[in-house]
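J.: can't give you the sequence, but here's the structure:
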């Protein structure tokens, strides 16, 4: 259920991107050099992050199915707008391989994606911050851990066997408020909808992957509640692979057999819970600098187009990227 603030933000998102699309695109392309100069921020994390999202090292050729920037698929619309926000600074004739939606396997050719599986050889999956209106919703939480309900909460779609396994495992635990709010959920799993602010009333919030990453992970980690989850198997711009168990979140066993013990432990040791919450909050602040976010996004694409042999690199920019 959308709040008034969320609906207003959505309208603004579409209005802003529609305005960008109807503006003369040559205006953006003429600003590329200036944008690249501003993107060379002194913060070392910018270089580290852009080379984490775009791990390509060798020259490659776009596939036969690559599309031109001027002809990017329009649907899903938010994927289009989020990619076009930075792609519009490059020549509209440049070719790009892109996979919208939930990516379950590493592409066979270097491609722009929203997410990738956490595997050893993932360099062909070049991550951009796509569908960010949905995935990067991280509202503030003013309620201290000690003032929250001493219970566990989870809501979500039953689109992954892990989620059904979880509900079966916690069914008889009196401190768990877990279920699905979706209309098609079986009666035994059905629970009423909870907003993010209603989730934040609980000390413990479970995060479970669905079609790919868990959408709720970002706002849980930005809250003053403790995140409990199995180790992630997919990652997005949030770089879920870099999250450390017992540092940023509390790891759960695949069968969730340790959930009760973990909750009991942190009820006895709330200072340990607050330490993890503080580390999770600090991790989320990585993504709060909009200047850095835009710089990294532009440089991820720039590196892609240089290595695909479609643009000649500027010496200073390339030196910045490669270090």
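T.: That came through, no problem. Since this is a predicted model, take the numbers as computed values, not measurements.
J.: in which helix or strand does residue 12 reside?
T.: Using DSSP states H and E, the secondary-structure element containing residue 12 is helix 4-22.
J.: list the buried ones in that helix?
T.: For helix 4-22, burial by neighbour count (16 or more other Cβ atoms under 10 Å) applies to 13, 17. Backbone N, C-alpha and C define where each C-beta goes, glycine included.
J.: can you give me the strands in the stretch 51-200 of the chain?
T.: Ranges of strands in the stretch 51-200 of the chain, per DSSP state E, counting those that start in this stretch, are 67-68, 95-96, 98-99, 111-113, 116-117, 125-127, 149-155, 176-179.
J.: can I get the ones you listed in TSV with mean neighbour count and distance to residue 218?
T.: As requested, the strands of the stretch 51-200 of the chain are exported to TSV (neighbours: other Cβ atoms under 10 Å; distance: least, Cβ to Cβ, whole Å):
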stretch	mean neighbour count	distance to residue 218
strand 67-68	14	29
strand 95-96	20	26
strand 98-99	20	21
strand 111-113	24	18
strand 116-117	22	17
strand 125-127	24	15
strand 149-155	19	16
strand 176-179	22	20
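J.: so which of these is nearest residue 48?
T.: Among the strands of the stretch 51-200 of the chain, strand 125-127 comes nearest to residue 48, with 13.8 Å by Cβ to Cβ.
J.: could you give the mean pLDDT of that closest one?
T.: Per-residue pLDDT over strand 125-127 has a mean of 98.
J.: for residue 5, give me the pLDDT.
T.: On pLDDT, residue 5 comes in at 81.
J.: and the helices in the chain?
T.: Along the chain, counting by DSSP state H, helices occupy 4-22, 25-29, 32-39, 44-53, 77-87, 132-135, 161-170, 196-199, 217-221, 259-268, 270-284, 290-307, 315-322.
J.: still on that earlier bit, nearest to residue 319, out of the strands of the stretch 51-200 of the chain?
T.: For residue 319, the closest of the strands of the stretch 51-200 of the chain is strand 125-127, at 20.7 Å, according to Cβ to Cβ.
J.: could the strands of the stretch 51-200 of the chain go into a markdown table alongside distance to residue 239?
T.: Listed next are these as a markdown table, based on distance: least, Cβ to Cβ, whole Å:
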| stretch | distance to residue 239 |
| --- | --- |
| strand 67-68 | 27 |
| strand 95-96 | 22 |
| strand 98-99 | 19 |
| strand 111-113 | 14 |
| strand 116-117 | 11 |
| strand 125-127 | 8 |
| strand 149-155 | 23 |
| strand 176-179 | 27 |
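J.: of the ones you listed, which is nearest residue 143?
T.: For residue 143, the closest of the strands of the stretch 51-200 of the chain is strand 149-155, at 9.8 Å, according to Cβ to Cβ.
J.: could you check the distance from the closest residue to residue 160 other than its chain neighbours over to residue 135?
T.: With sequence-adjacent residues excluded and distances taken as Cβ to Cβ, 6 or more residues apart in numbering, residue 160 is closest to residue 210, at 5.2 Å. Distance, residue 210 to residue 135, using Cβ to Cβ, to the nearest Å: 12 Å.
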